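Asks: Quick one, what's the 3D model for this:
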Amino acid sequence: MKKFIEISDHGLPVNSVNVKRIIEYLSAFEACNSYLIKLSYIVKGVGWKTVQDRKVYILHKMVSAADKPAAGDEKELAVEFLAEAGFERFVKAMKPEGKYTEWRECITEALKYPLAGFAFYSSFAAPLLRMLKAPNFIIDFWGATSVGKTTVLELAASVWGNPHKEAGGLVFSWDSTRVFLERMAYFFNDAPIFPDDSQTVDDRTMTNMLYQIANGVGKGRGSIIGIRHNPTWHTVCFSTGERPLTQCTTFAGARARTIEIYGSPFPNAGGNFINDMKQGVREHYGHAGPKFIAGLLPLWDRPDDMTRLKEDYKRHQRAFSLSANSEVGDRYSHYFATVKVAADLVYRILGIGDPDFAEENILQVFKSLISESTIEGDISKRAMEHVLSWMSANEGLFKSNDRESFGVWREDEYIGIYPHKLTEVLKKEGYSEKTILRSWSEKKWITRDDDRHLTCQRRKIEDSVSKVRRFIVIPWEIYDRFMDE
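Replies: Residues are numbered from 1 along each chain as shown. So this is what the prediction gives:
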């Protein structure tokens with residue numbers, strides 16, 4: 001009865017006084033007219049749904065492979081999109097406006113820019129993730145203001161609806177709670193999401209959000225009688241900010257799911273070009289997404305076509321992975337393979353772009369990204385660089401023999417740091433001590449007494465007395481190597 005009263009939020013005049021009588025009336029009405037009532041299914045979010053063994057996709061309305069019922073069906077399939085309170089803005093934003101031909105003309109020039117083209121095709125990749133069993137990923141455009149970051153977000157969003165944030169569009173602010181973002185990702189299942197301005201969120205909250213989006217699973221929550229439904233989703237998340245998203249976290253899992261793109265997606269394009277394109281996609285939008293989905297729907301019923309699609313994905317993934325020949329490259333290869341499949345399908349279904357030119361640009365972005373990640377190095381290397389820099393700045397406290405010493409400094413032999421002090425230094429920068437030390441050990445960057453300890457016993461003078469203490473010991477040749485780089 002309490003749940004029934006909540007229907008008043010949608011306009012039904014029901015309250016605690018009349019609710020019982022309304023329920024009785026509706027029950028009697030249903031019993032008398034059941035043979036006349038059209039069966040209708042209610043959905044509350046975007047994405048792929050299976051209704052009466054038929055695959056449909058929900059945007060602002062249902063997109064299905066056929067308007068008429070399949071052979072043997074007695075009734076036409078009816079699906080109603082009833083969004084939860086607060087999501088009405090996004091349902092409205094997905095309704096097409098303007099002209100499809102005008103939108104195509106507007107975005108054609110943008111596809112000549114590799115980064116913009118990559119973002120465009122990535123927007124179409126979101127509904128493919130479930131079909132290909134491919135992982136979620138995040139694309140982060142970061143850098144100084146007024147370089148076209150928000151414009152490229154609007155370009156990608158215009159595929160599915162209104163991209164203008166200030167006009168109630170699909171682009172929204174990062175400055176939200178973790179629960180809000182979870183609900184957004186679940187609502188836009190099998191579709192991209194477009195949070196803007198990542199610098200408005202504190203590091204701790206952003207770290208949790210990155211894991212949440214990339215892993216595709218909401219936070220587990222209990223209830224009075226058990227556990228609540230744990231939401232899951234497939235999505236490609238587009239983001240912008242003045243600093244890289246992964247600067248807030250040192251955890252490899254979140255970083256490996258994020259494609260960071262620095263600078264302007266439209267280099268040397270000029271302000272007039274960007275302004276014209278922005279105006280164009282704000283006036284004409286939301287046509288391409290439904291057309292693309294309509295082209296994908298028949299594939300679900302064609303096992304041979306689905307097999308070929310998955311084989312194409314695996315072939316592209318292997319090619320990207322081999323060209324990178326690195327652990328990071330292998331992880332990124334899954335994302336870029338999905339985008340490559342999307343580009344091929346966009347050409348096949350919509351006739352937009354050129355598959356060879358698109359492949360060339362996608363490969364260019366991939367190679368650039370791998371080159372940058374190689375220069376940046378892995379997390380364990382950055383952690384070592386930070387720790388050695390900190391040690392050099394505090395050299396005197398390593399050579400001191402009083403109780404406030406940080407460790408031992410043996411020129412040309414090793415530097416030893418007390419474990420508790422190293423923990424403090426690493427945690428202050430957001431590093432996982434256990435992960436870093438294991439990695440350092442595997443790379444032979446620290447010395448170990450045995451397989452059971454990550455520390456070494458060394459003698460240190462304290463109050464004029466030689467005492468045996470345990471330290472994390474970094475050999476001098478490691479210190480020299482990093483200081484010379």
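Asks: Name the single longest strand found in the protein.
Replies: strand 465-475 (DSSP state E).
Asks: Any buried residues in that strand, and which?
Replies: Arg469, Phe471, Ile472, Val473, Ile474 (16 or more other CB atoms under 10 Å). For glycine as for every other residue, the C-beta is placed from the backbone atoms N, C-alpha and C.
Asks: Quick one: residues contacting the third one.
Replies: Right, the one you point to is Ile472. With contacts defined as CB atoms under 8 Å, 6 or more residues apart in numbering, the neighbours of Ile472 are Gly416, Ile417, Tyr418, Pro419, Leu422, Leu437, Ile446, Leu454, Thr455, Cys456.
Asks: For the residues you listed, give me TSV that also has pLDDT, secondary structure and distance to Glu109.
Replies: Compiled in TSV, the contacts of Ile472 are given as follows (pLDDT from 0 to 100; DSSP: H, G, I helix; E, B strand; the rest coil; distance: CB to CB, whole Å):
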residue	pLDDT	secondary structure	distance to Glu109
Gly416	95	strand	60
Ile417	95	strand	56
Tyr418	94	coil	60
Pro419	94	helix	58
Leu422	94	helix	53
Leu437	90	helix	51
Ile446	95	coil	54
Leu454	89	coil	56
Thr455	91	coil	60
Cys456	92	strand	62
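Asks: for those residues, which one is nearest Pro265?
Replies: Leu437 (39.2 Å; CB to CB).
Asks: Any idea how many residues pack against the closest residue to that closest one other than its chain neighbours?
Replies: Nearest residue to Leu437, sequence neighbours excluded (CB to CB, 6 or more residues apart in numbering): Leu454, at 5.0 Å. By the criterion of other CB atoms under 10 Å, Leu454 has 20 neighbours.
Asks: I'd say Leu454 and Ser439 touch.
Replies: No. With contact defined as CB atoms under 8 Å, Leu454 and Ser439 do not form a contacting pair (11.0 Å).
Asks: buried stuff in the helix of greatest length in the chain?
Replies: With secondary structure taken from DSSP state H, the chain has its longest helix at helix 327-350. By 16+ other CB under 10 Å, the buried positions in helix 327-350 come out as 328-347, 349-350.
Asks: what's the answer for stretch 268-279, then?
Replies: Within stretch 268-279, the residues scored as buried using 16+ other CB under 10 Å are Ala269, Phe273, Ile274, Met277, Lys278.
Asks: May I ask which of those residues comes out lowest in pLDDT?
Replies: Ranked by pLDDT, these bottom out at Ala269 (86).
Asks: and that residue, that's in a strand?
Replies: No. Applying DSSP: H, G, I helix; E, B strand; the rest coil, one finds Ala269 to be coil, outside a strand.
Asks: dump the residue contacts of it.
Replies: Contacts for Ala269 were tallied using CB under 8 Å, 6+ apart; they are Tyr113, Gly148.
Asks: surely Val201 meets Asn208?
Replies: No. Using CB under 8 Å, Val201 is not in contact with Asn208, being 9.9 Å away.
Asks: who has more neighbours, the two?
Replies: Neighbours were tallied for Val201 and for Asn208 using other CB under 10 Å; the higher tally belongs to Val201 (23 against 18).
Asks: Quick test: name the residue nearest the centre of this protein.
Replies: Ile138 (3.2 Å; CA atoms, centre = their mean).
Asks: any idea how far that residue lies from Gly263?
Replies: Counting by CB to CB, to the nearest Å, the gap from Ile138 to Gly263 is 18 Å.
Asks: Could you pull up the residues touching Phe292?
Replies: Phe124, Pro127, Val159, Leu345, Val346, Ile349, Leu350.
Asks: no wait, Pro265
Replies: Counting by CB under 8 Å, 6+ apart, the residues that Pro265 touches are Tyr113, Leu115, Ala116, Ala119, Phe141, Val147, Gly148, Lys149, Thr151, Val152.
Asks: One more pass at 7 Å, please.
Replies: Tyr113, Leu115, Ala116, Ala119, Phe141, Gly148, Val152 (CB atoms under 7 Å, 6 or more residues apart in numbering).
Asks: quick one, phi psi at it?
Replies: phi -70, psi -10 (degrees, to the nearest 10).
Asks: Please report how far it lies from Val365.
Replies: Distance, Pro265 to Val365, using CB to CB: 10 Å.
Asks: so what's in contact with these two at the same time?
Replies: By CB under 7 Å, 6+ apart, Pro265 and Val365 have these common neighbours: Leu115.
Asks: Around Ile352, how many other residues sit close by?
Replies: Ile352, neighbours per other CB under 10 Å, totals 20.
Asks: separation between it and Leu345?
Replies: For Ile352 relative to Leu345 (CB to CB), the value is 10 Å.
Asks: what do you get for Gln247?
Replies: 34 Å.
Asks: Not counting sequence-adjacent ones, nearest residue to Asp449?
Replies: Leaving aside its chain neighbours, Asp449 sits nearest to Cys456 (5.0 Å; criterion: CB to CB, 6+ apart).
Asks: Contacts only, for the one you found.
Replies: Contacts of Cys456 by CB under 7 Å, 6+ apart are Thr447, Arg448, Asp449, Arg470, Phe471, Val473.
Asks: number of nearby residues for Ser198?
Replies: Residues near Ser198, counting by other CB under 10 Å: 24.
Asks: which one of the contacts of Ile472 sits closest to Ile58?
Replies: Among the contacts of Ile472, and counting by CB to CB, the member closest to Ile58 is Leu437, at 47.9 Å.
Asks: Count the residues that sit near the closest one.
Replies: Residues near Leu437, counting by other CB under 10 Å, number 23.
Asks: Quick check: it vs Ala93, distance?
Replies: From Leu437 to Ala93 the distance is 48 Å (CB to CB).
Asks: Verify the stated contact: Leu297 with Lys55.
Replies: Yes. Between Leu297 and Lys55 there is a contact under CB atoms under 7 Å: 6.2 Å.
Asks: Which neighbours do the two have in common?
Replies: Joint contacts of Leu297 and Lys55 (CB under 7 Å, 6+ apart) do not exist.
Asks: secondary structure class for Thr246?
Replies: helix.
Asks: repeat for Val159
Replies: With three-state DSSP as the criterion, Val159 was assigned coil.
Asks: ok, it touching Ser122?
Replies: No. The pair Val159 / Ser122 is not scored as a contact, 10.0 Å apart, by CB under 7 Å.
Asks: Tell me which of the two has more neighbours.
Replies: Each of Val159 and Ser122 has its neighbours counted (other CB under 10 Å); Val159 has more, 28 against 24.
Asks: Would you mind measuring from the more buried one to Ala78?
Replies: From Val159 across to Ala78, the span is 27 Å (CB to CB).
Asks: All set now, cheers.
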